[in-house]
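Student: Model the following, please.
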Amino acid sequence: MKGRGINNLILIDTSVLLEAHRIDLFGELENFKFLGEPAVTKQVLNEIKNFTKRNRYKRVARLALELIKKRGVKIIDVRGRDADESLLNAALDLGCAVITNDEKLIKLLKQKNIRVIRVRQLKRLELV
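Tutor: Okay, here's the model as predicted:
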């Protein structure tokens, strides 16, 4: 099932959450309500938690975790060895759109006809 899934979710990738302090992510998501509500996979959540242990990303990773909690972002349990694989599997299984800035993941998602949203100019979201 592709397109609008039964769960009506928009999956957010780590790459976007780590930049969320620079943009009004949830304000921008209002423009995409028709695709569903924001969610992350457990693998994405774990990847962000791992970033809190690294000096370079520690602060933004903590901010991302706070944002997930504060905004009540749904956390879903799906199969996948890592964040990218979990996003792909969830999008295919549930018909979800994915927000990411990861070029490799965007290419893979588009090959599978999955809706992709990306951050443009660090200020707005765009369906690509």
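
Student: how close does residue 44 get to residue 82?
Tutor: Look at residue 44 and residue 82: by CB to CB, to the nearest Å, they are 9 Å apart. For glycine as for every other residue, the C-beta is placed from the backbone atoms N, C-alpha and C.

Student: In terms of helices and strands, where is the residue of the chain most remote from its centre?
Tutor: Distance from the C-alpha centroid of the chain peaks at residue 55, with 22.6 Å (CA atoms, centre = their mean). Per DSSP states H and E, residue 55 falls between elements, in no helix or strand.

Student: cool, residue 75 as well?
Tutor: strand 74-76.

Student: residues of that strand that come out buried?
Tutor: Buried residues in strand 74-76, counted by 16 or more other CB atoms under 10 Å: residue 76.

Student: could you say what helices and strands it packs with?
Tutor: strand 9-12, strand 37-41, helix 42-51 (3 or more CB pairs under 8 Å, 6 or more residues apart in numbering; DSSP states H and E).

Student: Among those, which comes closest to residue 71?
Tutor: Judged by CB to CB, the one of the helices and strands packed on strand 74-76 that comes nearest to residue 71 is strand 37-41, at 7.0 Å.

Student: picking up where we left off before, pLDDT of the strand holding residue 75, averaged?
Tutor: For strand 74-76, mean pLDDT is 96.

Student: and the gap between residue 89 and residue 114?
Tutor: 11 Å.

Student: How about the contacts made by residue 61?
Tutor: Counting by CB atoms under 8 Å, 6 or more residues apart in numbering, residue 61 makes contact with 18, 48, 49, 51, 52, 54.

Student: Torsion angles phi and psi at the first one?
Tutor: To tie it back to what came earlier, the one meant is residue 18. Dihedral pair for residue 18: phi -70, psi -10, per degrees, to the nearest 10.

Student: number of nearby residues for it?
Tutor: For residue 18, the neighbour count with other CB atoms under 10 Å is 18.

Student: Residue 62 is in contact with that one, correct?
Tutor: No: counting by CB atoms under 8 Å, residue 18 does not reach residue 62; the two are 10.6 Å apart.

Student: Who has more neighbours out of residue 89 and residue 114?
Tutor: Neighbour count, other CB under 10 Å: between residue 89 and residue 114, residue 114 has more, with 22 against 16.
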